[in-house]
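Colleague: what follows is a protein structure lacking sequence information:
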């Protein structure tokens, strides 16, 4: 008889889950993938100003922008656009064709659309404030 137990999975169980996903993907001709972190940091002297970083997967077709951050007093000075542009140029060199990310509706959807991104998903009311979670993507081209 199967028992359904409310608890977190163990390390061994999680390893089995991940191995199972790899096995299932392979059955559908999708080999296991790994990812490589790529990023840029903005510095003012030795002071951290911001960063753009994310993951390029083995296929190199898609890049997931995990973080784009600029310290609040320095926002709206082109630093975010410069970081994002540098990262996009770098991942194009790796053969990446598309980039995607998530942002909050109160944060930066307008910033991303100005950089050529398109909304692919908006989950209304995602945050406690009632704001949406917004998914954006962009097709990259060799520059």
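Modeller: Happy to help now that I have it. Keep in mind that what you see is a predicted model, and the values were worked out from it rather than measured. Numbers count the residues shown, from 1 in each chain.
Colleague: contacts and neighbour counts: CA atoms only from here.
Modeller: Fine.
Colleague: do a quick rundown of the strands in the chain.
Modeller: 35-44, 47-57, 62-70, 98-104, 118-123, 133-139 (DSSP state E).
Colleague: least confident secondary structure element in the chain?
Modeller: helix 11-27 (a mean of 91; mean pLDDT, DSSP states H and E).
Colleague: so which elements touch that one?
Modeller: On a contact count with 3 or more CA pairs under 8 Å, 6 or more residues apart in numbering; DSSP states H and E, helix 11-27 meets no helix or strand.
Colleague: and for that helix, what's in contact with it?
Modeller: Contact with helix 11-27 is made by 31, 32, as judged by CA atoms under 8 Å, 6 or more residues apart in numbering.
Colleague: before we move on, what about stretch 114-123?
Modeller: If you take CA under 8 Å, 6+ apart as the criterion, stretch 114-123 is touched by 81, 112, 113, 132, 133, 134, 135, 136, 137, 138.
Colleague: distance of the closest residue to residue 43 other than its chain neighbours from residue 41?
Modeller: Leaving out its chain neighbours, the residue that sits closest to residue 43 by CA to CA, 6 or more residues apart in numbering is residue 49, at 5.2 Å. In this view, residue 49 and residue 41 are 8 Å apart by CA to CA, to the nearest Å.
Colleague: neighbour count for these two, which is higher?
Modeller: residue 49 (19 against 15; other CA atoms under 10 Å).
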